[in-house]
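S.K.: need a structure here:
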Amino acid sequence: MANFQLPEIQVNPSGWGPCTVPQKFKDKPYQPFSKGDRLGKVADWMGSVYQDRRYVSKYSSQFGGGQQYAYFHDEDEHSFQLIDYTKTQKPMYQRNQRFRFNQQRLRRQQQLAQQRGGVDIRGNFVGLKKGQQAGDGRGKTTQQQQRGRWGGNRGWGQRRWDQRGQQKTNREASVQVKDDWEIIEEMDFPRLSKLKYFSVGDAEDILTAGGLMFYDKSYDKINTKTEKPLIRSDKIFHTVTTTDDPIIRKLAREEVGTVFATDAVLVALMCATRSHYSWDILVQKIGSRIFLDKREHSDLDLLTVNETAAEPPNEDKQHMNSPGHLAVEATYINHNFSQQVVRGTPHRMARSNPFIEEADDAANVASVAYRYRKWNLGGGVVLVARCEHDAVLATPSGDLQYGLIRCLNDWDTKASGSEDWRAKLDMQRTAVLATELKNNSYKLAKWTLQALLGGSEFLRLGYVSRVHTKDSSKHVILAVQQFNPRDFASQINLHLDNAWGILRCVVDICAKQKDGKYLILKDPNKPVVRLYDIPDDTFESDSSDGEDDNGASDTE
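M.R.: Got it, this is the predicted structure:
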């Protein structure tokens, strides 16, 4: 019978498994592994076989990478010594500055010779390229082309330094914020641009007032070669606020609506996401009624110029092309243009102009008609607004069409970065309009929405330019273009559902507040609109007679 010897059993009091390494495996590196690990490359010495992120951990071990088989070469690095201390020789064009200067001079002389069609520095004849003639603009040197491309005598590098290095001018707010004003709500433009509201009923006409003159169609044939000077008009333009309108006061007493405003105030708020400059709107809450109003002599009565341009006008208040001076000039041009392109006997509306105080002023009042309309916004909110028309047009069938007349003004092509109107307005009017849509997006959106709110059937847009860029008092009419307001709104990406959504959001916020006076203020440097709670006596003029809403006289 064979002898059976029991193997030596090792006892591990602190766990399980062997306590010591067998003699045959001693001094050998060990890498733990798992039977569940996937097999990839047989050998991966660099550790970068699977650089794709999807396969980085696909073939890795659950015990980690491990450094048992890593190679360390510390001793080799310390024992290495550099013997060759000779410097690498630079090429000729990098050795001295004089050589580089001579190379640049040689290139300039060759370019001049190529432009003039003469002999270069080496005595070789250089002729003009095909399509180049002496004296035309295509024979310029590269340096001259860069100067013309990047503005004036400044090169590309200087222009880039100006754009990156200059500090942005902090604009001033339209009204100074007092310490006792409390911020109730802050609405940023990204959030407002996502609002949409579709539950808006059709507009209903309440009454019409004023008188309109007929549009002169001969101005549609004007071009840059048959330009007409802009004639100064002495007509009276009324900019009556919401609470000073006697008809709106009467409609408020009769509880025709819950929200009252003018079209100028509504479009400033409904197109707020396109604005850059600061503006403000007064809000008065009396019971269930909300009045959206503007301050007396507010900036809402002025038209901005190049507000949304990449290079806005000079911020220096004393400069002729400052935003303030350009706004006054644009308003002056629009008033004169709207009265110059109309003629004939005024077409009287159902009621006379409610803002004429004396009979002698009737003949001096500008051609304007007021249409009071209301919209049912749902949820018990009814909007009543005073809209305007500038002219009336008779169709071949005998029907009358009401519309708005506005104009864009060209003040300095080089300073504004816009197209040359006299060169492109006749043949490339679309390019000129596209540039104006980029530079005056807020203003054009307000005009379009104003025409839609008033029910205008046409929008006449004029192009007026300065006679001389240094003289802001003389202008000429270069062209007139006609648009359908609804089609033009789709062309400029003006979405009515978003405009109504912004208005409904502001109305709902104001409806939750207590009775009092509030201010909607656009931040001058940030895309943010804030609602402030202000004292009741803020912005009240000294000449106010203190007449309340119930004491207003009726206007029949």
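S.K.: any idea how far residue 317 is from the residue nearest to residue 235 when sequence neighbours are not counted?
M.R.: Using C-beta to C-beta, 6 or more residues apart in numbering and skipping the chain neighbours, the partner closest in space to residue 235 is residue 366 (3.9 Å). C-beta: built from backbone N, CA, C; applies to glycine. Distance, residue 366 to residue 317, by C-beta to C-beta, to the nearest Å: 29 Å.
S.K.: Tell me which of these two has more neighbours.
M.R.: residue 366 (19 against 10; other C-beta atoms under 10 Å).
S.K.: Who are the contact partners of the more buried one?
M.R.: Counting by C-beta atoms under 8 Å, 6 or more residues apart in numbering, residue 366 touches 233, 235-237, 335, 338-339.
S.K.: quick one, phi/psi of it?
M.R.: Note on residue 366: its backbone torsions stand at phi -70, psi 160 [degrees, to the nearest 10].
S.K.: same thing with residue 377?
M.R.: Taking degrees, to the nearest 10 as the convention, residue 377 sits at phi -90, psi 0.
S.K.: can you give me the mean pLDDT across stretch 350-359?
M.R.: The pLDDT scores in stretch 350-359 average 83.
S.K.: Also stretch 280-300?
M.R.: Here the average pLDDT along stretch 280-300 is 91.
S.K.: Name the residues of that stretch that are buried.
M.R.: Buried residues in stretch 280-300, defined by neighbour count with 16 or more other C-beta atoms under 10 Å: 280-285, 289-296, 298-300.
S.K.: where does the residue nearest to residue 235 land on pLDDT?
M.R.: 89.
S.K.: among the contacts of residue 366, which ones are buried?
M.R.: 233, 335, 338-339.
S.K.: didn't residue 220 look like it was pressed against residue 477?
M.R.: No. Residue 220 is beyond contact range of residue 477, at 11.3 Å (criterion: C-beta atoms under 8 Å).
S.K.: okay, these two: which has more neighbours?
M.R.: Regarding residue 220 and residue 477, a neighbour count based on other C-beta under 10 Å identifies residue 477 as having more, with 23 against 13.
S.K.: Contacts for the strand or helix carrying that one, please.
M.R.: Taking DSSP states H and E as the definition, residue 477 sits inside strand 471-483. Applying C-beta under 8 Å, 6+ apart, the external contacts of strand 471-483 come out as 219-220, 222-224, 227-230, 320, 325, 329, 333, 337, 340-341, 407, 409-411, 421-422, 425-426, 429, 433, 458-468.
S.K.: Would you list the buried entries among those?
M.R.: Buried, going by 16+ other C-beta under 10 Å: 219, 222, 224, 227, 230, 320, 325, 329, 333, 337, 340-341, 407, 409-411, 421, 425, 429, 433, 458-466, out of these.
S.K.: just the helices in the stretch 351-500 of the chain please.
M.R.: For the stretch 351-500 of the chain, the helices defined by DSSP state H, counting those that start in this stretch cover 413-416, 421-424, 429-439, 441-454, 485-491, 496-511.
S.K.: ditto for the chain
M.R.: All helices of the chain, identified by DSSP state H, fall at 74-79, 97-116, 142-150, 156-165, 189-192, 246-253, 263-270, 323-340, 413-416, 421-424, 429-439, 441-454, 485-491, 496-511.
S.K.: measure the closest residue in space to residue 274 that isn't next to it in sequence to residue 213 for me?
M.R.: Ranked by C-beta to C-beta, 6+ apart and with sequence neighbours excluded, the top spatial neighbour of residue 274 is residue 442, at 4.2 Å. Distance check for residue 442 against residue 213: by C-beta to C-beta, it reads 29 Å.
S.K.: Give me the distance between residue 180 and residue 452.
M.R.: In terms of C-beta to C-beta, residue 180 sits 39 Å off from residue 452.
S.K.: Tell me which of these two has more neighbours.
M.R.: residue 452 (22 against 10).
S.K.: I'd say the more buried one and residue 496 touch.
M.R.: Yes. Between residue 452 and residue 496 a contact is recorded at 7.1 Å, counting by C-beta under 8 Å.
S.K.: one step back: just tell me which of the helices of the stretch 351-500 of the chain ends up closest to residue 258.
M.R.: Nearest to residue 258 among the helices of the stretch 351-500 of the chain is helix 496-511; the distance by C-beta to C-beta comes to 8.3 Å.
S.K.: so what pLDDT did residue 205 get?
M.R.: For residue 205, pLDDT reads 94.
S.K.: And for the one 10 residues further on?
M.R.: The score at residue 215 is 93. That number is its pLDDT.
S.K.: nearest residue to it other than its sequence neighbours?
M.R.: residue 391 (4.3 Å).
S.K.: go on, residue 306?
M.R.: Residue 306's closest residue in space is residue 439 (C-beta to C-beta, 6+ apart), at 4.7 Å.
S.K.: same deal with residue 488?
M.R.: Counting by C-beta to C-beta, 6+ apart, the nearest residue to residue 488 once its immediate chain neighbours are dropped is residue 448, at 5.5 Å.
S.K.: So what's the residue count around the one you found?
M.R.: For residue 448, the neighbour count with other C-beta under 10 Å is 27.
S.K.: Next up, the contacts around it.
M.R.: 459, 485, 488-489, 492, 494.
S.K.: Just the closest of those to residue 255, please.
M.R.: Set against residue 255, the nearest of these by C-beta to C-beta is residue 485 (30.9 Å).
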